[in-house]
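A.B. asks: Okay, predicted coordinates and the sequence, questions at the end:
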Amino acid sequence: MSLDAHLPALQVVVPLLVAPLLVLLRDAGLAWAGAFAASLMALVLAVLQVAQVTDGAVLVYEMGGWPAPYGIELRIDGFNALILLLVTGASTLSLLGGRESLARDIDDDRQPLFYAAWLISLAGLSGIAVTGDAFNVFVFMEISSLATYILIAAGSDRRALTAVFKYLIMGTIGATFYLIGVGLVYMMTGTLNFADMEQRLAEVADQRPVMVAAGFITVGLALKAAVFPLHVWLPNAYAYAPHAVTAYIAACSTKVALYVLLRFDFFVFQGNLAGHSAQFTSFLIPLALLGIVVGSAIAVVQSDVKRILAYSSVAQIGYILLGASFNSLTGLTAGIAHMFNHALAKGALFLAVAAIGTRLGRLQLRDIAGVAQRMPWTMAGLALAGASLVGVPGTAGFISKWLLLEASMEAGVIGIIAAVVVVASSLAAAVYVWRIVERAYFGSPGPALSAGTAAEAPWPLLAALWIAGLANVYFGLVPGLPLELSSSAAAELLGHLP
């Protein structure tokens, strides 16, 4: 069997095997180098798999040679290939750019443990994306969550401990709800494989435990994905985590949970439960619209840069959910494409914030006044990523927002309301991004800048920032790859509806 056939398994195995080796290293630099090399290898594996599924092909890998449903099946199609690209890309760029800020925030003797936890988190998120087994999703979900709690709490800001405790409680409740739902489905079908579960569920779809399972799984995954109003753990977790960790989890963590939510609902429930599609739409559209409105409104009035971008993520999750809840090809394509495009924009923004926070130590709007004078390349990268977040034509963010408006116009009266909310939210995004840009470019320099203590970001961080920033422009002008994967994923999800 060629190496290509083992790519889905290697996606998880590589970071999982390297992680314990990092614990044995006493040198912080070597630990970072090992983590970066493993993450870069995972990115290469993801790119190789994307190349194999762009023509609509599906990669299937049977663990231990046991065929599904008796064994665990790994399955790669357009949807999870896009998620793998997103996760591994976010990890690699965050590690590349975060070396200096992480070295400042974390003691040298703890850094090998920190980078080991990083790779475990990467392995868990990748495992969620590749597995075709519902219980395996739970296992990888717990692996990634426990490691992510460590990453958030590892910095020097003691407020992160309170934030991660809230995240732990909410995350545990979400995982428990998911596990209860999976247990109920297994009780009724006798299988944990997604494809087999879909076929067997048709025979018992009218039974009450199946309907209860759908509720538990949807709510549990909505907690993990920070869907409004279950988003309360997200702002503080993003604000108080080490800057590089924020860039990593903001780009991919909630997207993976949304991926599982869509995969489970469309693959298993919507094609079998009578009226579930209508319930899915009527339940999630109002939550998505409220998330967009509330997240955008709170972001506009925040004074801390990381909290501005954190509440912006609540609104962006609403965009993704809104597109998916239309249950149309255009809507699903828009929602899935926005997962990728938002990851590009928000990852680049938090990398720029990492540069500013490393140099200034503070991230209140008043503290960054005039920072563009000393950090012109950093602020130019931030402005470019901010333009994509707003949805300026020529950037990746514009592509998915335009598709979302098209999907809204196809959805009747509720679609018109949704389109108005999307446009208003984009204007709000322009306001809070402009507040950051205006203060940095036109504000009077504060004491730190006047004293000459601020300087341009180190070149690895600038490289990571500009790779992500230019990717926003490239995929705005040449959106073929993410749109092809997104439309393929949307078509497959809709193919499971009756």
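C.D. replies: Received, thanks.
A.B. asks: ok, now which ones touch the residue lying closest to G155 once chain neighbours are set aside?
C.D. replies: Nearest non-adjacent residue to G155, counting by Cβ to Cβ, 6 or more residues apart in numbering: P242, 3.9 Å away. (Glycine included, C-beta is placed from N, CA and C.) Applying Cβ atoms under 8 Å, 6 or more residues apart in numbering, we find P242 in contact with 98, 101-102, 105-106, 151-152, 154-155.
A.B. asks: do that again at 6 Å, thanks
C.D. replies: P242 is in contact with 102, 105, 155, counting by Cβ atoms under 6 Å, 6 or more residues apart in numbering.
A.B. asks: wait, doesn't the first one sit right on A244?
C.D. replies: This means L102. Yes: shown here, L102 and A244 form a contact pair, counting by Cβ atoms under 6 Å, at 5.4 Å.
A.B. asks: so what's A175 scoring on pLDDT?
C.D. replies: With respect to pLDDT, A175 has a value of 90.
A.B. asks: what do you get for the one 5 residues further on?
C.D. replies: Reading off the per-residue confidence, I180 sits at a pLDDT of 91.
A.B. asks: Now do it: how many residues are near it, please.
C.D. replies: 16 (other Cβ atoms under 10 Å).
A.B. asks: Start and end of stretch 187-197, how far apart?
C.D. replies: Start-to-end span of stretch 187-197 (Cα to Cα, to the nearest Å) is 11 Å.
A.B. asks: Determine the number of other residues adjacent to D304.
C.D. replies: By the criterion of other Cβ under 10 Å, D304 has 15 neighbours.
A.B. asks: Please name the nearest non-neighbouring residue to P209.
C.D. replies: Residue nearest to P209 in three dimensions, not counting chain neighbours: L184, with 4.6 Å by Cβ to Cβ, 6+ apart.
A.B. asks: contact partners of the strand or helix carrying L465?
C.D. replies: For L465, the host element (DSSP states H and E) is helix 459-477. Identification of contacts with helix 459-477 by Cβ under 6 Å, 6+ apart yields 93, 96-97, 99, 344-345, 347-348, 351-352, 355, 377, 381, 384-385, 388, 394-396, 398, 482.
A.B. asks: likewise stretch 260-268?
C.D. replies: Stretch 260-268 is contacted by residues 137, 194, 197-198, 217, 221, 324, 493, 496 when judged by Cβ under 6 Å, 6+ apart.
A.B. asks: By neighbours, which of those wins?
C.D. replies: A324 leads the contacts of stretch 260-268 on contacts (other Cβ under 10 Å) with 30 neighbours.
A.B. asks: wait, what's in contact with the spatially closest residue to it that is not a sequence neighbour?
C.D. replies: Nearest non-adjacent residue to A324, counting by Cβ to Cβ, 6+ apart: G335, 4.2 Å away. Going by Cβ under 6 Å, 6+ apart, G335 touches 320, 323-324.
A.B. asks: which pair in the contacts of stretch 260-268 spans the largest distance?
C.D. replies: Spatial extent of the contacts of stretch 260-268 (Cβ to Cβ) is set by the pair M197 and A324 at 20.2 Å.
A.B. asks: Low-confidence stretches in the stretch 101-250 of the chain?
C.D. replies: Under the criterion pLDDT under 70, the flagged ranges of the stretch 101-250 of the chain are 205-206.
A.B. asks: hey, where'd the strands end up in the stretch 201-350 of the chain?
C.D. replies: For the stretch 201-350 of the chain, strands defined by DSSP state E, counting those that start in this stretch do not occur.
A.B. asks: how about the helices in it?
C.D. replies: Secondary structure of the stretch 201-350 of the chain (DSSP state H, counting those that start in this stretch): helices at 208-224, 234-240, 243-264, 276-301, 305-325, 329-360.
A.B. asks: I'd like to check what contacts stretch 50-69. Which residues are they?
C.D. replies: The contact list for stretch 50-69 (Cβ under 6 Å, 6+ apart) reads 8-9, 71-78, 81, 85, 191, 193, 196, 484, 488.
A.B. asks: Not counting its own residues, what contacts the helix or strand where G127 lies?
C.D. replies: For G127, the enclosing helix or strand under DSSP H and E is helix 111-130. Helix 111-130 is contacted by residues 8, 11-12, 15-16, 18-19, 22-23, 25, 28, 31, 35, 38, 74, 80, 83-84, 87, 91, 106, 137, 140-141, 143-144, 147-148, 150-151, 154, 256 when judged by Cβ under 6 Å, 6+ apart.
A.B. asks: Neighbours of the closest residue to G443 other than its chain neighbours, how many?
C.D. replies: The shortest distance from G443 to any non-neighbouring residue, by Cβ to Cβ, 6+ apart, is to A369 (2.9 Å). Here the count is done by other Cβ under 10 Å, and A369 has 20 residues near it.
A.B. asks: A369 touches E438, doesn't it?
C.D. replies: No: contact between A369 and E438 fails when scored by Cβ under 6 Å: they sit 9.6 Å apart.
A.B. asks: Contacts for stretch 394-411, please.
C.D. replies: With contacts defined as Cβ under 6 Å, 6+ apart, stretch 394-411 is touched by 323, 326, 328, 330-331, 333-334, 337-338, 341, 344-345, 387-389, 391, 415, 418-419, 422, 472, 475-476, 479.
A.B. asks: Identify each buried residue in it, please.
C.D. replies: Neighbour counts over stretch 394-411 (16 or more other Cβ atoms under 10 Å) mark 395-401, 403-408, 411 as buried.
A.B. asks: circling back: identify those among the contacts of helix 111-130 that sit within helices.
C.D. replies: Per DSSP state H, helices hold the following members of the contacts of helix 111-130: 8, 11-12, 15-16, 18-19, 22-23, 28, 31, 35, 38, 80, 83-84, 87, 91, 137, 140-141, 143-144, 147-148, 150-151, 256.
A.B. asks: Give me the buried entries from these.
C.D. replies: 8, 11-12, 15-16, 18-19, 22, 28, 31, 35, 38, 80, 83-84, 87, 91, 137, 140-141, 143-144, 147-148, 150-151, 256.
A.B. asks: Pretty sure A42 sits against G89.
C.D. replies: No: using Cβ under 6 Å, A42 makes no contact with G89, being 9.6 Å away.
A.B. asks: okay, those two: which has more neighbours?
C.D. replies: The neighbour count for A42 versus G89, taken as other Cβ under 10 Å, is higher for A42 (27 against 24).
A.B. asks: tell me the contacts of the residue lying closest to the more buried one once chain neighbours are set aside?
C.D. replies: Counting by Cβ to Cβ, 6+ apart, A42 lies nearest to T88, which is 4.5 Å off, once chain neighbours are set aside. Contacts for T88 (Cβ under 6 Å, 6+ apart) come out as 42-43, 46.
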